[in-house]
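Novice: Sequence and predicted structure are below.
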Amino acid sequence: MGFDRLPDPILTSARAVLRGACADIHAAIDGLPTDALNWRPAPEDTNSIAVLAIHSLTSTRHWLCVAVDEPLPSRDRDAEFEATARKPAELLHFVDSATAVCLSLIDKDRVVDWSALRSHWDDKLFAAWALLHALEHLREHVGQISLTRQLWEQRPRSP
């Protein structure tokens, strides 16, 4: 009787964290009007839900590519912070599409040497570090997205 190789528990766990984070982003966006998605709680120093969603998932894809040694996607980080949502459905579609791409990068059948060093910018870092950074950065922004929705829902309204 032969045994198939068991899936990498790190990838399996990363997929679960990623799915949960992306489901939380989806839930935070769902049901909000476009104004809420582009609203900034303090215009000078905060980001909108749209900016946070786009930046966090674009960054996650970037860092997952580093982790699994895939080519880096083209990216305009500055533009991520200027993004606006035209329609809630378009932003949800972006979230769902980006989630699928990120999950494909950490497919359960992938083989990764987590101790391998990766070249990134002018640094060398472990593949494991890039994976952990991708997930912790994503979860940080999920919290900000959730808080921004709460602030939108509690904001004083004009009579």
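Specialist: Nice, thanks for sending it over. Model, not experiment: these values are computed from the prediction. Residues are numbered from 1 along each chain as shown.

Novice: make it CA atoms for all contacts and neighbour counts henceforth
Specialist: Noted.

Novice: Please give me every residue in contact with the residue nearest to the spatial centre of the chain.
Specialist: Most central in the chain under C-alpha atoms, centre = their mean is Leu57, positioned 2.8 Å from the mean C-alpha point. For Leu57, the contacting residues are Val95, Ala98, Thr99, Leu138, by C-alpha atoms under 8 Å, 6 or more residues apart in numbering.

Novice: and what of Trp63?
Specialist: So Trp63 contacts Ala130, Leu131, His133, Ala134 (C-alpha under 8 Å, 6+ apart).

Novice: Tell me the pLDDT of it.
Specialist: What the model reports as pLDDT for Trp63 is 98.

Novice: In which helix or strand does it reside?
Specialist: helix 49-68 (DSSP states H and E).

Novice: Could you pull out the helices in the protein for me?
Specialist: Using DSSP state H, the helices of the chain run over 9-29, 34-38, 49-68, 77-80, 88-105, 127-154.

Novice: Show me how far the third one is from its chain's centre.
Specialist: Relative to the mean C-alpha coordinate of its chain, helix 49-68 is positioned 4 Å out (C-alpha atoms, centre = their mean, to the nearest Å).

Novice: so Lys108 touches Thr12, yeah?
Specialist: Yes. Counting by C-alpha atoms under 8 Å, Lys108 touches Thr12, with 6.0 Å between them.

Novice: Pick out whichever of the two has more residues nearby.
Specialist: Lys108 (18 against 15; other C-alpha atoms under 10 Å).

Novice: Any regions of the protein where pLDDT drops low?
Specialist: Counting by pLDDT under 70, the chain shows low-confidence ranges at 1-4, 159.

Novice: mind running it again at 50?
Specialist: Segments of the chain classed as low confidence (criterion: pLDDT under 50) are 1-2.

Novice: How about the contacts made by Glu82?
Specialist: Val51.

Novice: how close does it sit to Ile106?
Specialist: Glu82 sits 28 Å away from Ile106 when distances are taken as C-alpha to C-alpha, to the nearest Å.

Novice: do Trp129 as well
Specialist: 14 Å.

Novice: Who has more neighbours out of the two?
Specialist: Each of Trp129 and Ile106 has its neighbours counted (other C-alpha under 10 Å); Ile106 has more, 24 against 16.
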